[in-house]
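Participant: Attaching a predicted model along with its sequence, questions to come.
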Amino acid sequence: KNNLIIKKLKFFQIKYLFYSIKTKLLKFIIKFILFDEIYYLVRGDKINFDIELNSRKKKFIKYHSHDFSRLKLINKNKKKLSIGVFLDSPDPYFKDDFSLFGLNFNYDKLTWYNNLNKFLKDVEKVYSTKIIIIPHPKVKGFKNPYYNKNFKVNHDIDAIYKLIPKSKVVISMSASTAISVAIACSKRLILTYNNQIIKSNYSRYNSTKFVGEKCDANLINIDSYDKKKIMKKVNKDKYNSYLYNYVTSKKISKKKNYEIFNQILRDIKK
C-alpha cells in the first residue's frame, strides 16, 4: 500500500512539474508583450498582488467577488428560518481538482460521510435547526448516496444566495468562496476538516485553517470534537476585516459589478 501511494505521488509530481514548467514559460513569454492599457480587477481595499504584464497604462478597478455580487443582485427574503446550510466539497465521492494531475487520495468514503452525517446531526441539535446540503457547483444534479437521508439536498443554482441569508448557521467542508456570503450576512460559520485531510491533503487543511483564522470562524475536526464548542458567536470585527480585505471594498458599497464593468467599457470607448 505504501509503495502504491509513493508511485501515485511521483506520478502527481511529474504531471505537476510539467504544468509548472508550462505556466512559468507562458509567464516568461508574456513579459515580452507590451499592452497599451491593462485594467486590473481588485477585491478588497488593498492591492497586494504581483503584476505580471507590461503595459503603457495600468488601472486598478475595485470590484466585488462573484458570490458577493450575486448576493447583492438577488432580492433577499430576510425572514429567518430554522435551517443550517452545509456547503459540501466534490470529494471524496466525486473527483476533485487534484485528479487533474492524476492524484487520487483514496479517502475512506464510508468513514468520511459517517462522521460528517453525525456531525451535521449534532449541529442540528445544538442550533435547533434542520440541515440543508448544498452540493459543490461541479456536481449539481448528481446524487451522493452517502448523505443521511434525513438531510434535504438543494441543487438549485442560486441556493446559497437564497438559503444562507435565512439560515442560523453555515458549515463548509473547505475554504469555499461561498463562505463570503455567510460572512456578508453575519452568519455563524463552521469550517470543517477531518483526519484524512490532515494525513493526505495537508494543503487543503492549511487553506481552511488560514481562512478560519482570518474571519475567526469555528474550525472543527469532525472526527474528534467537543459538542459544547459547536456553538460560537460571530466576531464582527474579524468578519468586517475579512470582507473588506478579500471580498469587496467600502468604496464600491453602492455599486454592482455590472455597473463597474459598464463603466470600464465606456472608458475604453473614449
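Facilitator: Okay, I see it.
Participant: State the distance from the residue nearest the centre of the chain to residue 160.
Facilitator: Centrality entry for the chain: nearest residue to the mean C-alpha point is residue 176, 1.2 Å, by CA atoms, centre = their mean. As defined by CB to CB, to the nearest Å, residue 176 lies at a distance of 9 Å from residue 160. Any C-beta I mention is one placed from the backbone N, CA and C, and that applies to glycine too.
Participant: what sits in contact with each of those two?
Facilitator: By CB atoms under 8 Å, 6 or more residues apart in numbering, residue 176 and residue 160 have these common neighbours: residue 87.
Participant: List the contacts of the residue lying closest to the residue nearest to the centre of the chain once chain neighbours are set aside.
Facilitator: In space, not counting the residues next to it along the chain, residue 176 is nearest to residue 87; the distance is 5.1 Å by CB to CB, 6 or more residues apart in numbering. Contacts for residue 87 (CB under 8 Å, 6+ apart) come out as 134, 136, 160, 170-173, 176, 178-179.
Participant: just the strands in this protein please.
Facilitator: 34-42, 54-62, 83-87, 130-134, 152-153, 169-172, 188-193, 218-221 (DSSP state E).
Participant: give me the number of residues near the residue lying closest to residue 238 once chain neighbours are set aside?
Facilitator: Closest residue to residue 238 apart from its sequence neighbours, by CB to CB, 6+ apart: residue 216 at 3.8 Å. Residue 216: 18 surrounding residues under other CB atoms under 10 Å.
Participant: before we move on, what about residue 69?
Facilitator: 17.
Participant: Identify each buried residue in stretch 130-142, please.
Facilitator: For stretch 130-142, the neighbour count (16 or more other CB atoms under 10 Å) marks 131-136, 139 as buried.
Participant: go on, stretch 224-232?
Facilitator: Result for stretch 224-232 [16+ other CB under 10 Å]: buried residues residue 230.
Participant: what mean pLDDT does it have?
Facilitator: For stretch 224-232, mean pLDDT rounds to 93.
Participant: Kindly format the C-alpha coordinates of it as PDB.
Facilitator: Taking Å, rounded to 0.1, in the frame of the first residue of the first chain, the C-alpha atoms of stretch 224-232 are listed here in PDB:
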ATOM      1  CA  SER A 224     -13.000  14.400  17.100                       C
ATOM      2  CA  TYR A 225     -14.800  17.400  18.600                       C
ATOM      3  CA  ASP A 226     -16.500  18.700  21.700                       C
ATOM      4  CA  LYS A 227     -20.200  19.200  21.200                       C
ATOM      5  CA  LYS A 228     -20.100  22.100  23.600                       C
ATOM      6  CA  LYS A 229     -17.800  24.000  21.200                       C
ATOM      7  CA  ILE A 230     -20.100  23.700  18.200                       C
ATOM      8  CA  MET A 231     -21.800  27.000  19.100                       C
ATOM      9  CA  LYS A 232     -19.600  30.100  18.600                       C
END
